[in-house]
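Chemist: got a structure for you, letters missing:
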């Protein structure tokens, strides 16, 4: 039996395993490889799409399904299939149109299982699609095939509170999360990174007591809460620092390596 048999690490991407330049340090990669070589399961839990994760999967020793779309999907890249997904209902078309018409400065990124589109694109979506290494394809909402998995609204930071309040008041049939200073996401009710993490545990036969998670932002709350032991990097939002069990080094100083060193000493 190896040291980390029966244990699973799920890591957030931006602000956690990625540094501020969107790179993964060699120190983090070596630490993850050590964890995997000694029996552990490692994967990621992200708001990103399945397609945008293909680049990162090639560069990390991932050996468990990946939580994508903030928990609306769990994808097994080795088997090339979703092990879990839940779609938005068809009212999502009227929903995105209402938000973008009420607030013309808002763009909506629409995520399907295999691709993604943009409604009412703005400078935030231009920047974001370059960051996630995908082409930006603009369409009217009515032209985008159903079903959809998730909508990410891209909103100027000073307008976020106004748009969020309107959405919550007028469209109560979605689960909402802020996943960044300019990102406000909508999915089907009952979905989050925590539910996605438990689906990975189920797929890999992991006792949630030995689920170890790390994240930095408000869309990581449920991921933190689902863990047997939870971690956050030192750059995290204050609320995340308050609820995580262990605070490790910041994302520019190999947070994953710091987390795995802590686990190595504990076990």
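Modeler: It's in. Note that the coordinates shown come from a computational prediction; the quantities given were computed from them, not determined experimentally. Numbering: from 1, shown residues only.

Chemist: mind listing the strands in the stretch 151-267 of the chain by residue range?
Modeler: 175-180, 183-187, 211-214, 229-233, 246-248 (DSSP state E, counting those that start in this stretch).

Chemist: Worst mean pLDDT among these?
Modeler: Ranked by mean pLDDT, the strands of the stretch 151-267 of the chain end with strand 175-180 at the bottom, a mean of 91.

Chemist: For that one, buried residues please.
Modeler: 175, 177, 178, 179, 180 (16 or more other C-beta atoms under 10 Å). To be clear about C-beta, it is placed using only N, CA and C from the backbone, and glycine gets the same treatment.

Chemist: who does that strand touch, helix- and strand-wise?
Modeler: helix 160-170, strand 183-187 (3 or more C-beta pairs under 8 Å, 6 or more residues apart in numbering; DSSP states H and E).

Chemist: Residue 7: neighbour count?
Modeler: 23 (other C-beta atoms under 10 Å).

Chemist: Quick check, it in contact with residue 38.
Modeler: No. Counting by C-beta atoms under 8 Å, residue 7 does not reach residue 38; the two are 9.3 Å apart.

Chemist: joint contacts of those two?
Modeler: Overlap of the contact sets of residue 7 and residue 38 (by C-beta atoms under 8 Å, 6 or more residues apart in numbering) is empty.

Chemist: ok so, going back, hey, which of the helices and strands packed on strand 175-180 is tucked in deepest?
Modeler: Ranked by mean neighbour count, the helices and strands packed on strand 175-180 are led by strand 183-187 with a mean of 23 (mean count of other C-beta atoms under 10 Å).

Chemist: Centre of the chain to it, how far?
Modeler: 11 Å (C-alpha atoms, centre = their mean, to the nearest Å).

Chemist: can you check stretch 101-120 too?
Modeler: Between the centre of stretch 101-120 and the centre of its chain there are 17 Å (C-alpha atoms, centre = their mean).

Chemist: Buried residues, that stretch. List them.
Modeler: Those would be 103, 106-113, 116-120, for stretch 101-120 by 16+ other C-beta under 10 Å.

Chemist: Stretch 218-233 too?
Modeler: Going by neighbour count (16+ other C-beta under 10 Å), the buried part of stretch 218-233 is 219-224, 226-233.

Chemist: closest to residue 184 among the residues you listed?
Modeler: Distance to residue 184, by C-beta to C-beta, is smallest for residue 219 among the buried residues of stretch 218-233, at 10.1 Å.

Chemist: my read: that closest one touches residue 175, true?
Modeler: No. Judged on C-beta under 8 Å, residue 219 makes no contact with residue 175 at a distance of 10.7 Å.

Chemist: list residues touching both of the two?
Modeler: residue 192.

Chemist: check contacts around residue 114.
Modeler: 50, 51.

Chemist: Swap in 7 Å and give it another go.
Modeler: Residues counted as contacts of residue 114 (C-beta atoms under 7 Å, 6 or more residues apart in numbering) are residue 51.

Chemist: on that earlier part again, may I see the buried residues of stretch 218-233 arranged in a markdown table, with distance to residue 126 as well?
Modeler: Shown next, in a markdown table, are the buried residues of stretch 218-233 (distance: C-beta to C-beta, whole Å):
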| residue | distance to residue 126 |
| --- | --- |
| 219 | 22 |
| 220 | 26 |
| 221 | 29 |
| 222 | 30 |
| 223 | 29 |
| 224 | 32 |
| 226 | 34 |
| 227 | 35 |
| 228 | 40 |
| 229 | 39 |
| 230 | 35 |
| 231 | 33 |
| 232 | 30 |
| 233 | 28 |
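
Chemist: in the helix or strand harbouring residue 32, what counts as buried?
Modeler: Counting by DSSP states H and E, the element that carries residue 32 is helix 26-37. Across helix 26-37, burial judged by 16+ other C-beta under 10 Å covers 28, 29, 31, 32, 34, 35, 36.

Chemist: what number of residues lie near the residue nearest to residue 70 when sequence neighbours are not counted?
Modeler: Leaving out its chain neighbours, the residue that sits closest to residue 70 by C-beta to C-beta, 6 or more residues apart in numbering is residue 47, at 4.3 Å. Around residue 47 sit 27 other residues, with neighbours defined as other C-beta under 10 Å.
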